[in-house]
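S.K.: Sequence and predicted model, in that order:
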Amino acid sequence: MKRTICVRFIMVFLFSVFTMNANSIDFVTTKSNVNFKSDKIELKNYEQTTQTHPLVSKEQWNTLFPYRFGAKDTGGGVWVLDPKDDFYTYESFIEAINRMDKIKVVFDRRCGTNAYKITRIDKVTGATSIIRTDVDFDAPRNADKEIITEEVDYGAFLNEGDLETRKRELMAFFANISHETTGGWDTAPGGRFSWGLHFREEPTNASYAYPDTNYPPTPGKSYKGRGPIQLSYNYNYGPASEFIFGDKQVLLDNPDLVIQDAALAFQTAIWFWMTPQYPKPSAHNVMVRKWTPNELDKTKNRVPGLGMTVNIINGGVECGQGTEKPQVLDRIGYYERFASIYNIGTDMDGVNDLSDCGCKDMAKYGGDSSDLTAEPCAQKPAITFVTPINDQLIKQTTFSAVGVSISVDQKNSVLKTLTTTIGTKTFSGTTFSWTPEAYGAVNLVANATFENGLTASNTIKVVIWDGVNIDCTHIPAWRSTKIYDKPNNYVTYNNAVYRNKWYAGIGTTPGVDGVWEKIKDCGVVIGTPPVVSWQAPTQGQVFETLVLSPITLTANATDNDGTVTSFSYAYNGTTIAATKSGNTYSGEFTPTAFGAYTLEAVAEDNDGKVTRKEVSFTVKQKTISNEAPVVTWQTPTDNLVIEQDVLGAVALKATATDSDGIVSSFSFKEGANVITATKTGNNYTASFNPASFGEYALTGEATDDKNAITTKTIRIIVKEKSTTNPAPVIANVQPQNGSIIEQTALTAIQLKASITDNSAVQNVAFSIDNTAVTANSTATGLYTATWTPSAFGNYSFKIVATDDEGASSNKTVSFTIKKKVSGGACDGIPAWEAKIYAASGTKVTYNGVIYKNKWYASSTDVPGASGVWEYIQPCGGTKLYCGSPEWIATKVYNTGDKVYYSKKIYRAKWWTRGSTPNNSNEWAYVQDCLESSTSTLKANIYPTIVSDEINVTISTSLKAKVKIELRDTSGNLLQTLLNTNVEQGTKVFTRDLSGLKKGVYIYSIHSNGNIETKKIIKN
């Protein structure tokens, strides 16, 4: 069996197909339900789940994998699955998915490299742990490279994209694991591709132990192929164990666990499928369209589909060979079988031509370094302290200003802000002066922001020294391998502090070479003042209180070279006594007014050295806010129209509540007139007597026990009830006005109309060109008739409806029975039918026009109305302008016919011939049409891979009407992004798509009768 060795966890390990006949199969029977215990983890029997996965049922599982591990030859070529040896059970697959759903992993990777820092997150407990940091991740050559973060939620397995996408991912996953564990042969029962999951482990005793420093093999253990994905080598067992258990040693020490727990076996396959291996994407991202090939990928023929998953799994052996390898053909064979069972197309676009299922022309990974460097990496800005430098020792007998200078490398951006924090003080700019306030080590923390959104930071430590006392722990140790190229570096060596007077090369030793000057011996620091730290209050703390009350003071005071002999607090020169408990001192301060206060903690040691430490805080009077009552109208509702025969009382009802008190009073008002209300619990009722018919403003007003008032006003209209009887309403007439019905021979059509009345419909009469047609009615008010035309031509369909009170209404529509065109431009092109057109490029005729579908068209995608269908030409080849033919003076036009004339569209009001549309009453103006002019229009949407917002750029040489519609891949209209007149020039519009689900969408651009379609991807 062939294997490819890789480094780290780039998991290229899958081997060629088992080839054997039934008589050569050696069965290894091991029960899958076992208990295994080690010092790392205990795996127990998991209960047989009754859960059913939405993509695969137990019955389907048995159809997909009838000869899986546990199937035995009972004689005569009859194979039967032995339940007690059934390892790859449906329940174990479901259990694996449930286990992986609890795991999320964050991959931090240096741009342009495969150097990772990987963090595992337990989604149940929220616990996080860094499970791996590559040596190269923080190496000097990578430290300034942008960090690319990718989060992988293993619960997304088979759970992203639409139903067809999820099914196709399942088929690709099953095809690959079936190939890795296949036991099929050409004459096998059920066919060669029914034998997936037949083997549980590789039949070998080889160790497959590789000297990997991150995942060293455990002596005596074999890391041969095991499980559905045939996990192989210690450098794959280790990462799988880290991701699944959070501990690499579980599977390094116990690799046999993969064949003892079937759910764990499936977990290793899901782990491999979901995990990215830069520059390879994950197989999951490929199949759910979250991976987009970069320009280098395109030149290497890497495209989404089953073939790309093969390249990810074992491309080094199987891909880029010019002809498909037998292993690839085996994967494709399984994939085709599964796709036929699920009745979905094999290719990513839904068709079945296997165009993206192989990898013979696809470049494998690892052939050159260009795959790593092809990634565009941002140049990160940086900030550096020029003076002082890190670990610098600054000698000051009295505190004085220290100059600080910072260098900013802006790269391709512009500095926005730069602040440096030293203790409690913050400074701005690249240069400033800072005066220390105490001796010892202090950190200088600089933070910068840039206009492109990037940030940079740098921290150094300096030591302020009084020339006598120094804490050697703050001084870095001398390093024999370091070059000290600048003077005044302070180091410790052999328990003493040294300073280099000039350049000190490698190996120049303090205390030996004259370049190093001894400053002092390390030891007990003498003569240091006490150290004081406030515990309570904290700096900047705000106390909110109703009344002024005592505040507890707490601080710690210690002395490194002696004892603290006295301690007290002070405010405005007044001493506040403190009580000692160990190194903690407590006191009490009562403020005299609300406001800001600064107190001191004062400590003195046995050498007479005094330390004062301030703390500032604020005492603020607590305010109690009163929540106003809430008023809710029950009846009448806002903007209600009340019809009355004669003026009468209107019932009023409202609810009033108060969350922090009680409602003390409530009343209704009409204008300034108070209407007394009756209370029942939180409900208030009254009657309002309108003085006349008209509009009224009614107010509910509630007052609570703290005099907060809430009013809620509604408006009603009191209307005199009409005594006029409305006529019946005629709607939904078929055929519709202006419709054209094509027929090869004259056949019957249905006449329909929906008729409703506020009382009852007494009579309905249908007529065609004044000839009565008998209509039949249904209980729902639908009236129908069957009518057969006597000749091709124009017809007038009239409906007259009369109700039981004698009121009547009528409606007339015109339609055309047209002989279906044959020969000429439409010869051999079938008429459109309300069915699915799966293959793109199919031509149909509809209403005398030829169309071609650009992609999959559903039964509801009607040519001329849906952007799925591309206009080709009318039958006979007549040119259309904005969808209408040019007006011809000698031609007869009937009611509803549209024509183009003088850059406008007109519609015929009735029969006409020879009347010029722009000056005849026989024509009605419809819209402007600039299509015949020299106008040019370009529309672009970016980005094409969108997270939240898109930008729409329209460039036109003349004013144009533009409409942009967004549809799903089934052609359903989701959103109209733009529908407006665009002036000459370039305009940019921004639209929010954050509410869209992830997936592929189609947008169509409509302008001047043209339709252009493109795709976008929502992340």
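M.R.: Yep, that arrived.
S.K.: can you give me the helices for the stretch 51-200 of the chain?
M.R.: 58-64, 90-100, 163-180 (DSSP state H, counting those that start in this stretch).
S.K.: Residue 586: which of the ones you listed is closest?
M.R.: Residue 586 lies closest to helix 90-100 among these, at 53.6 Å (Cβ to Cβ). The C-beta positions use only the backbone N, C-alpha and C, and glycine is treated the same way.
S.K.: Contacts made by the closest one with the rest, please.
M.R.: 32, 46, 48-49, 51-53, 56, 58, 61-62, 154-155, 157-158, 244, 261-267, 269-271, 274 (Cβ atoms under 8 Å, 6 or more residues apart in numbering).
S.K.: one step back: which one of the helices of the stretch 51-200 of the chain lies closest to residue 314?
M.R.: helix 163-180 (9.0 Å).
S.K.: Show me which positions of the closest one end up buried.
M.R.: Across helix 163-180, burial judged by 16 or more other Cβ atoms under 10 Å covers 165-180.
S.K.: if we can go back for a sec, just the buried ones out of the contacts of helix 90-100, please.
M.R.: The buried subset of the contacts of helix 90-100 - by 16+ other Cβ under 10 Å - is 32, 46, 49, 53, 56, 61, 154-155, 157-158, 244, 261-267, 269-271, 274.
S.K.: what about stretch 529-545, how long is it end to end?
M.R.: One end of stretch 529-545 to the other measures 37 Å (Cα to Cα, to the nearest Å).
S.K.: what do you get for stretch 218-230?
M.R.: Span of stretch 218-230 from end to end, Cα to Cα: 19 Å.
S.K.: Am I right that residue 311 is in a helix?
M.R.: Yes - counting by DSSP: H, G, I helix; E, B strand; the rest coil, residue 311 is located in a helix.
S.K.: can I assume it is in contact with residue 366?
M.R.: No - counting by Cβ atoms under 8 Å, residue 311 stays clear of residue 366, with 10.7 Å between them.
S.K.: More neighbours: which of these two?
M.R.: residue 311 (26 against 15; other Cβ atoms under 10 Å).
S.K.: Show me where this structure has its helices.
M.R.: 58-64, 90-100, 163-180, 234-245, 249-253, 257-260, 262-274, 283-287, 295-299, 306-318, 326-342, 370-373 (DSSP state H).
S.K.: between those, which one is nearest to residue 698?
M.R.: Residue 698 lies closest to helix 163-180 among the helices of the chain, at 52.4 Å (Cβ to Cβ).
S.K.: Low-confidence bits of the stretch 601-750 of the chain, can you list those?
M.R.: The model of the stretch 601-750 of the chain has pLDDT under 70 over residues 722-723.
S.K.: so who does residue 602 touch?
M.R.: Neighbour list for residue 602: 532, 567, 568, 569, 570, 610, 611, 612 [criterion: Cβ under 8 Å, 6+ apart].
S.K.: Give the PyMOL command for selecting the buried subset of the residues you listed.
M.R.: Applying 16+ other Cβ under 10 Å to the contacts of residue 602, the buried members can be selected in PyMOL as follows:
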select buried, resi 532+567+569+611
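S.K.: and the contacts of residue 602, which of them are in strands?
M.R.: Counting by DSSP state E, the contacts of residue 602 place 532, 567, 568, 569, 570, 610, 611, 612 in strands.
S.K.: Now for the last one: which residues touch it?
M.R.: By Cβ under 8 Å, 6+ apart, the contact list for residue 612 reads 532, 600, 601, 602.
S.K.: where does the stretch 901-1019 of the chain dip in pLDDT?
M.R.: Along the stretch 901-1019 of the chain, segments meeting pLDDT under 70 span 931-936, 957-958, 970, 1008-1010.
S.K.: all strands of it, in order?
M.R.: 904-908, 923-928, 937-942, 945-946, 949-956, 960-968, 973-982, 985-992, 999-1007, 1010-1018 (DSSP state E, counting those that start in this stretch).
S.K.: Distance to residue 776 and mean pLDDT added to the helices of the stretch 51-200 of the chain, as CSV?
M.R.: As requested, the helices of the stretch 51-200 of the chain are arranged in CSV below (distance: least, Cβ to Cβ, whole Å; pLDDT from 0 to 100):
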stretch, distance to residue 776, mean pLDDT
helix 58-64, 48, 95
helix 90-100, 55, 96
helix 163-180, 42, 96
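S.K.: what's the burial count for residue 402?
M.R.: 19.
S.K.: ok, now residue 88?
M.R.: Neighbours of residue 88 (other Cβ under 10 Å): 24.
S.K.: Tell me how many other residues surround the closest residue in space to it that isn't next to it in sequence.
M.R.: Of all residues not flanking residue 88 in the chain, residue 197 sits nearest, at 4.3 Å (Cβ to Cβ, 6 or more residues apart in numbering). Per other Cβ under 10 Å, the neighbour tally for residue 197 reads 28.
S.K.: How about the one 10 residues further on?
M.R.: Using other Cβ under 10 Å, residue 207 has 15 other residues around it.
S.K.: Surely it is in contact with residue 219?
M.R.: No - between residue 207 and residue 219 there is no contact under Cβ under 8 Å: 9.5 Å.
S.K.: how near is the closest residue to residue 601 other than its chain neighbours to residue 529?
M.R.: Nearest residue to residue 601 in three dimensions, chain neighbours excluded: residue 555, at 4.3 Å (Cβ to Cβ, 6+ apart). To residue 529, residue 555 is 15 Å away according to Cβ to Cβ, to the nearest Å.
S.K.: Give me the more crowded residue out of these two.
M.R.: Between residue 555 and residue 529, counted using other Cβ under 10 Å, residue 555 has the larger neighbour count: 24 against 21.
S.K.: where's that one relative to residue 536, distance?
M.R.: Counting by Cβ to Cβ, the gap from residue 555 to residue 536 is 8 Å.
S.K.: wait, what's in contact with the residue nearest to residue 844 when sequence neighbours are not counted?
M.R.: Using Cβ to Cβ, 6+ apart and skipping residues adjacent in sequence, the residue nearest residue 844 is residue 832, 4.0 Å away. Applying Cβ under 8 Å, 6+ apart, we find residue 832 in contact with 844, 845, 846, 851, 862, 863.
S.K.: ok so, going back, the residue nearest to residue 601 and residue 537 touch, don't they?
M.R.: No - at 10.2 Å, residue 555 does not count as touching residue 537 under the criterion of Cβ under 8 Å.
S.K.: domain assignment for this structure?
M.R.: 16-28+57-99+157-199+276-377, 102-155, 201-261, 531-621, 630-720, 729-819, 937-1018 (automatic domain parsing).
S.K.: how distant is the shortest one from the center of its chain?
M.R.: In other words, domain 102-155. Distance of domain 102-155 from the chain centroid (Cα atoms, centre = their mean, to the nearest Å) equals 19 Å.
S.K.: now do the same end-to-end measure for it.
M.R.: 7 Å.
S.K.: what do you get for the fifth one?
M.R.: Distances were taken as Cα to Cα; on that basis the terminal residues of domain 630-720 are 33 Å apart.
S.K.: Where does the prediction get shaky in the stretch 401-550 of the chain?
M.R.: Low-confidence segments of the stretch 401-550 of the chain, defined by pLDDT under 70, span residues 523-527.
S.K.: just the strands in it please.
M.R.: Under DSSP E, counting those that start in this stretch, the stretch 401-550 of the chain gives strands at 402-409, 415-422, 425-428, 431-434, 440-450, 455-465, 490-492, 496-500, 516-521, 531-536, 541-545.
S.K.: List the buried residues for the fourth one?
M.R.: To tie it back to what came earlier, the one meant is strand 431-434. Using 16+ other Cβ under 10 Å as the test for burial, strand 431-434 gives residue 434.
S.K.: Identify the residues contacting that strand?
M.R.: So strand 431-434 is contacted by 401, 402, 403, 404, 405, 406, 420, 422, 425, 427 (Cβ under 8 Å, 6+ apart).
S.K.: The first one now?
M.R.: With Cβ under 8 Å, 6+ apart as the test, strand 402-409 has contacts from 381-388, 394, 415, 418, 420, 427, 430-436, 444, 446, 448, 458, 462.
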